[in-house]
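Trainee: give me the fold of what follows.
(2 chains)
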2 protein chains.
Amino acid sequence: MGQYARIASTGKPKVVIIGGGFAGLELVKSLSQADLQVILIDKQNYHTFQPLMYQVATAGVEADAIVHPFRKVFERQKNFYFRMAEVQRVDTARQLVETSIGLIRYDFLVIATGATTNYFGDAQMAQNAIAMKSIDDALSLRNTILDNFEKALQLDDEEQLNSLMDYVIVGGGATGVELAGALSELRRHVFPKDYPELDFKSMDIHLIQSGGELLKGMSKEASEKSLAFLREMGVDVMLNRRVKSYDGYTVTLDTGETLITRTLIWAAGVTGNPVPGLRPESLLRGNRLQVDEFHRVAGYDNVFALGDVAAMVTPAYPQGHPMLAQPALQQGRHLGKNLVQFLAGRPMQPFVYKDQGAMATIGRNKAVADLKLFNREIKAQGFVAWLIWMFIHLVSIVGFRNRLVVMTNWFWNYFTYDSGNRLIIGKKQENIPITQTITHKTVI
Amino acid sequence: MGQYARIASTGKPKVVIIGGGFAGLELVKSLSQADLQVILIDKQNYHTFQPLMYQVATAGVEADAIVHPFRKVFERQKNFYFRMAEVQRVDTARQLVETSIGLIRYDFLVIATGATTNYFGDAQMAQNAIAMKSIDDALSLRNTILDNFEKALQLDDEEQLNSLMDYVIVGGGATGVELAGALSELRRHVFPKDYPELDFKSMDIHLIQSGGELLKGMSKEASEKSLAFLREMGVDVMLNRRVKSYDGYTVTLDTGETLITRTLIWAAGVTGNPVPGLRPESLLRGNRLQVDEFHRVAGYDNVFALGDVAAMVTPAYPQGHPMLAQPALQQGRHLGKNLVQFLAGRPMQPFVYKDQGAMATIGRNKAVADLKLFNREIKAQGFVAWLIWMFIHLVSIVGFRNRLVVMTNWFWNYFTYDSGNRLIIGKKQENIPITQTITHKTVI
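Mentor: I've put the predicted structure just below:
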């Protein structure tokens, strides 16, 4: 190392932000007028609207519609500099970030690197399961699902057929529930039209949840209604079960039960994704960086952490804020304001999280929502919650063009009972070569 | 081999079509009412609307909008069977197609496998150049272009910068002209906004054409006007030049001139892509299968060829019809009618190609069109030709949803001088590792 990345200095203090998720993006935005050089580092050239990733995976919207290039988002922000690079570590003594394109000096460092899939040390699971953390994951799942059916056409052995047509989703949080619901809708409205030669009565969708309820953290009404919706839609929700092992074909549960599938989707947990080089004492349970109420990482004055990778321990949130979009957005905005205050020599304000509730959509006209508005709690399930869900997600997507495309897709899908993106483009997950066990039938 | 792919027999004669391009798709459609089992084999699960591929490569439209899953296109056609498979060879003695999923028996076989990039035996070129024949190619080019600029930010050595910012397009046919034009529009309206740190005055676009005119086969007016348009837009059109070699960095021309680029796009020729197993005597120059006026491959009664892979030699077309969408579409439709005639015991009709002209778009408000309508030739250049080009391409795209998305994109791009899909998702072409020669500058 020792070589510097090439970023012309503007002579202003440099704030370097690692990660352009919700927190990083919101922070850049809130610094638009600040007398700083704002440098964003991300390994992708685009921001991903994670809440709709499951729709990319289930062919509901195209990948391009839920991502937005950073350079486009901030093309009018004069103090903004973007670098596509991988961060290797930070050197807080020398105030340097070591990246794949060289060293980048900072005056203020913000870690907004989010979370990564947590397989709890199960290497076999990490190898065989499909995760749901990136656009690549989502496209890989889409390709795999469609490819499975193409392959299933060549089989008549029942177990082999099940291995291709059945799906196991691990984790009953929002991602798991939304994926299970979307797959069920496809099974009902779309797949039978595409594959008249396959019998979709034999396609099973299993949703495995370790606890006794879905959507933990939401209200009892939301948990119960989402369970009822999924069961009504023919999803086999298995509560109080844990996956013991998955070899790419057989799923073994802690109860001794087994399921056969070539496609297991792992939505059972995430863990903080901090960058190397920080004091190990700053790391709390779940790999999150301990921050004070000003988002400062414990032990540092000019290093901050936001969003999923940060844990601001408060009496109300002894484990830190939930790993969701809302805390990330609010924290990003708040740190932006505080930095401006700080530069002006005024005292920074402590962060107070304003919980606005949570939502999940299960299927057509079916969602659950716990909203907190004007200090009142509003709980809704079903059609109204579904409309609210759509509205809130639509206005939250970055970029007017994306909003337009997603809305067009949704209208199209809703009124035609169709989904437009059933394309196998790019890589897919293949665990065990299938040719070993194919039963060919003579059909002359 | 020896094992059969699993396709339930309907008891009807089987027509097996290899390839779902324009010819194959049109043939399937025109057989919708035929008393046949129509089996389409393709290695992708979607049809690609090739004329807009260059727009995917230049971030103008998303890939999903110009492809359409076969199963969706024909979901209402009862006699239609699709199999995603690679064809290895055909065995005309036993009337079998050998594929990656097993043997498929046919009564009528239709080869509609199109064309493939022709590097004229230059293995180094095949390795280093980017082709323009598939969605994968187009996405790879898009990723490479965007990635190049991200890397260019780290360089100050002029030659290294040029290698990343300059583009060489080989081939002055429609694909080359359209790509050069689209890149030029991006250079003018989009890239400078995205990369204010780069100087786009130093971005060169070279278009190399072996002959003395662009758009060979179109009218003199179209050739001249497209040349004028491109030069006006700052494209360096180099006529009467051939590329001698390209090592991934230096392009050497037959004149001895050299150009530096890491991105050479090869649009200089295609060659027929027939399946192995047919009589070698049936192959004409350019790897096309010789067919009679009923599309029958020379030497066979029940093997047909359509589109780019077929050469129907007639006095008016001594080399076969041009390798374009129109002959493929017309041939597919005609063979469909003929097969129905044949099954009804009626004589087949000879094919007569109806030339409807050709078009190419160069940029914003700039296109050239030679149209043949009602036995009259209409030549247009500029804005009117551009409107015609857009209209014809829009109505030709398969699927109402795709039409809607492409139109939305076009309106958006036109009125905002923007293009929405500047995302690096998936693989990119990397010839020579760049890190060897990067010049780092200290910028503390």
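
Trainee: is it true that A:Thr250 touches A:Arg262?
Mentor: No: the pair A:Thr250 / A:Arg262 is not scored as a contact, 10.2 Å apart, by C-beta atoms under 8 Å. For glycine as for every other residue, the C-beta is placed from the backbone atoms N, C-alpha and C.

Trainee: and these two? Which one has more around it.
Mentor: A:Arg262 (23 against 12; other C-beta atoms under 10 Å in any protein chain shown).

Trainee: which non-adjacent residue is nearest that one?
Mentor: Ranked by C-beta to C-beta, 6 or more residues apart in numbering or on different chains and with sequence neighbours excluded, the top spatial neighbour of A:Arg262 is A:Ser163, at 4.8 Å.

Trainee: state the pLDDT value of that neighbour.
Mentor: At A:Ser163, the pLDDT value in this model is 94.

Trainee: one more: A:Ala59?
Mentor: 88.

Trainee: how about the one 3 residues further on?
Mentor: What the model reports as pLDDT for A:Glu62 is 87.

Trainee: what's the spacing between it and A:Ile135?
Mentor: Counting by C-beta to C-beta, to the nearest Å, the separation of A:Glu62 from A:Ile135 is 11 Å.

Trainee: now A:Lys14: phi and psi?
Mentor: phi -100, psi 120 (degrees, to the nearest 10).

Trainee: packing partners for the helix or strand bottoming out on mean pLDDT in chain A?
Mentor: Least confident helix or strand, chain A: helix A:400-416 with a mean of 82, by mean pLDDT, DSSP states H and E. In this structure, helix A:400-416 packs against helix A:383-396, helix B:400-416, with contacts taken as 3 or more C-beta pairs under 8 Å, 6 or more residues apart in numbering or on different chains; DSSP states H and E.

Trainee: which parts of it are buried?
Mentor: A:Arg401, A:Asn402, A:Arg403, A:Leu404, A:Val405, A:Val406, A:Thr408, A:Asn409, A:Trp410, A:Trp412, A:Asn413 (16 or more other C-beta atoms under 10 Å in any protein chain shown).

Trainee: got the residues of the stretch 151-300 of chain A near chain B?
Mentor: A:Leu153, A:Gln154, A:Leu155, A:Asp156, A:Lys193, A:Asp194, A:Tyr195, A:Glu197 (C-beta under 8 Å from any C-beta of the partner chain).

Trainee: identify the farthest-apart pair in the residues you listed.
Mentor: Within these, A:Asp156 and A:Lys193 form the most distant pair, 21.9 Å apart (C-beta to C-beta).

Trainee: what are the ranges of the strands in the stretch 51-200 of chain A?
Mentor: In the stretch 51-200 of chain A, the strands defined using DSSP state E, counting those that start in this stretch lie at A:67-69, A:80-84, A:87-91, A:96-99, A:102-105, A:108-111, A:115-117, A:167-170.

Trainee: okay if I get these as JSON lines plus mean neighbour count and mean pLDDT?
Mentor: Formatted as JSON lines, those follow (neighbours: other C-beta atoms under 10 Å in any protein chain shown; pLDDT from 0 to 100):
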{"stretch": "strand A:67-69", "mean neighbour count": "24", "mean pLDDT": "92"}
{"stretch": "strand A:80-84", "mean neighbour count": "22", "mean pLDDT": "97"}
{"stretch": "strand A:87-91", "mean neighbour count": "17", "mean pLDDT": "98"}
{"stretch": "strand A:96-99", "mean neighbour count": "23", "mean pLDDT": "98"}
{"stretch": "strand A:102-105", "mean neighbour count": "22", "mean pLDDT": "96"}
{"stretch": "strand A:108-111", "mean neighbour count": "26", "mean pLDDT": "98"}
{"stretch": "strand A:115-117", "mean neighbour count": "19", "mean pLDDT": "95"}
{"stretch": "strand A:167-170", "mean neighbour count": "26", "mean pLDDT": "98"}
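
Trainee: distance to A:Gln356 for those - can I get that in TSV?
Mentor: Converted to TSV, those look like this (distance: least, C-beta to C-beta, whole Å):
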stretch	distance to A:Gln356
strand A:67-69	22
strand A:80-84	28
strand A:87-91	31
strand A:96-99	33
strand A:102-105	35
strand A:108-111	23
strand A:115-117	20
strand A:167-170	27
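
Trainee: out of the ones you listed, flag the one nearest A:Gln37.
Mentor: Closest to A:Gln37 of those is strand A:80-84 (C-beta to C-beta; 6.5 Å).

Trainee: for the closest one, enumerate the helices and strands it packs against.
Mentor: Using 3+ C-beta pairs under 8 Å, 6+ apart: strand A:80-84 touches strand A:37-42, helix B:135-152.

Trainee: I'd guessed A:Tyr81 sits against A:Ile41; true?
Mentor: No: with contact defined as C-beta under 8 Å, A:Tyr81 does not reach A:Ile41; the gap is 9.5 Å.

Trainee: burial count for A:Gly211?
Mentor: 12.

Trainee: now it, what's its secondary structure?
Mentor: coil (DSSP: H, G, I helix; E, B strand; the rest coil).

Trainee: residues touching the nearest residue to A:Asp308 once chain neighbours are set aside, list them.
Mentor: Nearest residue to A:Asp308, sequence neighbours excluded (C-beta to C-beta, 6+ apart): A:Ala115, at 3.9 Å. By C-beta atoms under 8 Å, 6 or more residues apart in numbering or on different chains, the residues touching A:Ala115 are A:Lys133, A:Val270, A:Thr271, A:Gly272, A:Asn273, A:Asp308, A:Val309, A:Met323.

Trainee: one more time with 7 Å, if that's ok
Mentor: A:Val270, A:Thr271, A:Gly272, A:Asn273, A:Asp308, A:Val309, A:Met323 (C-beta atoms under 7 Å, 6 or more residues apart in numbering or on different chains).

Trainee: need the winner for burial among the helices and strands packed on strand A:80-84.
Mentor: Mean neighbours per residue, mean count of other C-beta atoms under 10 Å in any protein chain shown, is largest over the helices and strands packed on strand A:80-84 for strand A:37-42, with a mean of 24.

Trainee: which helices and strands does it pack with?
Mentor: Contact partners of strand A:37-42 among helices and strands, from 3 or more C-beta pairs under 7 Å, 6 or more residues apart in numbering or on different chains; DSSP states H and E: strand A:14-18, helix A:22-30, strand A:80-84.
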